[in-house]
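A.B. asks: model this:
(chains A, B, C and D)
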2 protein chains.
Amino acid sequence: MAPSLKDVARLAGVNASTASRAIRGDPTQRIHPATRARVLEAADRLGYRANYLGRGLRVRRTGTIGLVVPNLDFFTFVDVTHGVQAAAIEHDRSLLLVEVDQFPAAAGDRPTDELIYQRLVAEGRVDGLVIGSRTLEDRLVRQLAERHFPMVMVNRRVDDIPTVVGRDEDACRMAIGHLALQGHRRVGMIAVVVAGEDVGARRDRAFHEAIATHHLDADPRLVVHSAMSEHEGRKAVHRLFAQTADDPPTALFISSLSIALGVLEGIRELRIAVPRDLSLITFPDHRIAQHTSPPLTAVTARMFQMGQEAGRLLIRIIDGEASDSVELTEPSEIVDRGSVGPPPLPRLMRAGVG
Amino acid sequence: MAPSLKDVARLAGVNASTASRAIRGDPTQRIHPATRARVLEAADRLGYRANYLGRGLRVRRTGTIGLVVPNLDFFTFVDVTHGVQAAAIEHDRSLLLVEVDQFPAAAGDRPTDELIYQRLVAEGRVDGLVIGSRTLEDRLVRQLAERHFPMVMVNRRVDDIPTVVGRDEDACRMAIGHLALQGHRRVGMIAVVVAGEDVGARRDRAFHEAIATHHLDADPRLVVHSAMSEHEGRKAVHRLFAQTADDPPTALFISSLSIALGVLEGIRELRIAVPRDLSLITFPDHRIAQHTSPPLTAVTARMFQMGQEAGRLLIRIIDGEASDSVELTEPSEIVDRGSVGPPPLPRLMRAGVG
DNA sequence: GCCGGATGCGAAAACGATGTCGCAGGAGGG
DNA sequence: CCCTCCTGCGACATCGTTTTCGCATCCGGC
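C.D. replies: Reported below is the predicted structural model:
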């Protein structure tokens, strides 16, 4: 049994409230230095630490923040998690993790959203939430916001709920610009889509803008959407090349690394060589992209920083230091791993014939 | 402000204790069905959920389990985490995550161990711990065990503290057997080593046994150790080929996927072709191994199950249903992805000459 | 020598829930 | 009709901490 404040007080020969004052070192409270020393000595002897439940109940705060992510199999979210955790440690908070995908698909009578809401929020297990990607429905998020429940979204905008966003649009533009510079005219995109999520839409928009800027082919058949998984990525690339069989893209922008892994598989099945027949560029980058076959040229994103800023922002909000959304300003970079080359000759020949 | 039990009681026109009884449905307590219905109706109207801190303080239980892992960048631990989380959800518990690597290297005056101990255990934030790999020192683990703090280790044995172990030895034997069957005589190993960890030692032992069983070369220079990171794996393979320059291995067993990624890099630098010049086999397997260049033949391990069994075992222990260590019995399998072939000819020629 | 103010600390009331104890009131048996 | 027993529920203590309030004690000043 862990020692309680009363045990410390008894050992030091003082009242519990005095012990509490001594240990917390509250500057507004007066305490005799000698008493204070005695209490600290006693606390040290017993290895006392204030009980989390007792204190939490009294001060109405748990010192725990919740992180909700879809699935840590997505490398991106591991980085985000690292960032949030770093922020939590900085500010002496604990981290409660919820991976939405781990919830049984048909969770009895209630959807996952409700389960999370009830367990984490209604029961008061966390002081606030960092919400990664589209893991909770807008409806629920808005409800929480109305009740002023501390919350920070990662790379997702819902109304004016605090969020930390990166420069995805810039990254998309850089990717397309890089391909255009190599001479590509028919650039396709495999776009990650999570029902209704705005980050996908933002990348879409940036893609189309970039296509226009560089006067590339604006063929709607060049864009296919895919859920965020290898399997879906593989199917998506088959779809793409089926529907553009008469005039396939010479380069592909893929807006998710997990999808990119599936795309590589699909491309092998289609016997398309990278970068000879097809150039590939991915966003966001991850160290794993240098181990794939072939390694993938990618545009970096600051996922760790995003998580860290989200965690810090959430803690500021919890602590009542009003804070607005954060926009990360560090620019993305292109990491060249050789999956982008000039467009293939056949394409140039066909262009000459056409 | 979330509604409290008192709010529900007031709305239903009963005393708080009656409301508590009605909501918990305690079978040992008698309550009039009509009263019960009124209370439930009121609770429903208010969206009441029992406050976690209040209940926890009273029943001396948090309903939260702690998971301590080194780093989720190691794919293996993502799988373990999934398993632990699945177990937590099954039993309606929350999961507090601690990634040891996220702690500032030099955390002020105290080592990471102490920080974890104080925050999670001494403050009573968790009912028990799942300890992944060698994240806490044996000394601390033993201290906790002495105080009967609920704890389960994953794939690590310390005294007779409950643990969930897989069949690593079998997996090693299978790997070496597979290589021997292909005709390899000089088989090397890049062994993961985390200071003093027993899982590494177990794989070492199994390796040497298998070498003896199959009458392969028992050259100590064929074994090099590496910390669990890509970087160290790369250095290790350079070391291995430097010290066996006169008679290099024709096959390599790598006992960690993260290390394997570094090995692939090192091998490319050494201009060694897989599997023509060198066969590779890895343990444990992970879906990422099919995307590497080249894809890696691997021996499977049940990391998810390991996490899940660990979580379940911990919960049984917390609930006072005494439980012993669990040994997973499902056998490993070899997933052939083409990185293992017959030994190269030069080796055979040299053997003839020698 | 008395009074005002400062100083140090104890008592007690929260926070929200659970669980024990015991008191009303109704039912049933003699 | 009275006594007993059971049912249903309210009062209260408790978990460990913080924080407010107020009571002593001591000091200095007049």
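
A.B. asks: kindly provide the whole-number mean pLDDT of stretch A:225-239.
C.D. replies: The pLDDT scores in stretch A:225-239 average 93.

A.B. asks: got it, and stretch A:188-199?
C.D. replies: On average, stretch A:188-199 scores 79.

A.B. asks: same check, this time on stretch A:249-261
C.D. replies: 94.

A.B. asks: quick one: end-to-end distance for it.
C.D. replies: 19 Å (C-alpha to C-alpha, to the nearest Å).

A.B. asks: then stretch A:176-185?
C.D. replies: Stretch A:176-185: ends 10 Å apart by C-alpha to C-alpha.

A.B. asks: what sits up against it?
C.D. replies: Stretch A:176-185 has contacts (C-beta atoms under 8 Å, 6 or more residues apart in numbering or on different chains) with A:187, A:207, A:210-211, A:213-214, A:216-217, A:250-251, A:253, A:279, A:281, A:297, A:334, A:340-343, A:351. Every residue, glycine included, has its C-beta placed from N, CA and C.

A.B. asks: so which of those residues sit within strands?
C.D. replies: Cross-referencing these against strands under DSSP state E gives A:187, A:251, A:253, A:279, A:281, A:297, A:334.

A.B. asks: can I get these in a markdown table including neighbour count and distance to DNA strand C?
C.D. replies: Output for the ones in strands among the contacts of stretch A:176-185, formatted as a markdown table (neighbours: other C-beta atoms under 10 Å in any protein chain shown; distance: C-beta to the nearest atom of the strand, whole Å):
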| residue | neighbour count | distance to DNA strand C |
| --- | --- | --- |
| A:Val187 | 27 | 56 |
| A:Ala251 | 30 | 58 |
| A:Phe253 | 28 | 51 |
| A:Ser279 | 26 | 59 |
| A:Ile281 | 27 | 53 |
| A:Thr297 | 24 | 54 |
| A:Ile334 | 18 | 53 |
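
A.B. asks: would you map the strands across the stretch 1-150 of chain A?
C.D. replies: Here the stretch 1-150 of chain A has its strands, by DSSP state E, counting those that start in this stretch, at A:64-69, A:94-99, A:128-132.

A.B. asks: figure out which of these is closest to DNA strand C.
C.D. replies: strand A:64-69 (16.0 Å; C-beta to the nearest atom of the strand).

A.B. asks: re the thing from before, closest one to chain B out of the ones in strands among the contacts of stretch A:176-185, please.
C.D. replies: Using C-beta to the nearest C-beta, A:Thr297 is the member of the ones in strands among the contacts of stretch A:176-185 that lies nearest chain B, at 14.4 Å.

A.B. asks: any idea of the pLDDT on the residue in chain A that chain B sits nearest to?
C.D. replies: Per C-beta to the nearest C-beta, A:Ser293 is where chain A lies closest to chain B, at 3.4 Å. The model reports A:Ser293 with a pLDDT of 88.

A.B. asks: tell me how many other residues crowd it.
C.D. replies: 16 (other C-beta atoms under 10 Å in any protein chain shown).

A.B. asks: return the residues in contact with it.
C.D. replies: Counting by C-beta under 8 Å, 6+ apart, A:Ser293 has contacts A:264, B:291-295.

A.B. asks: right, I'll call it a day here.
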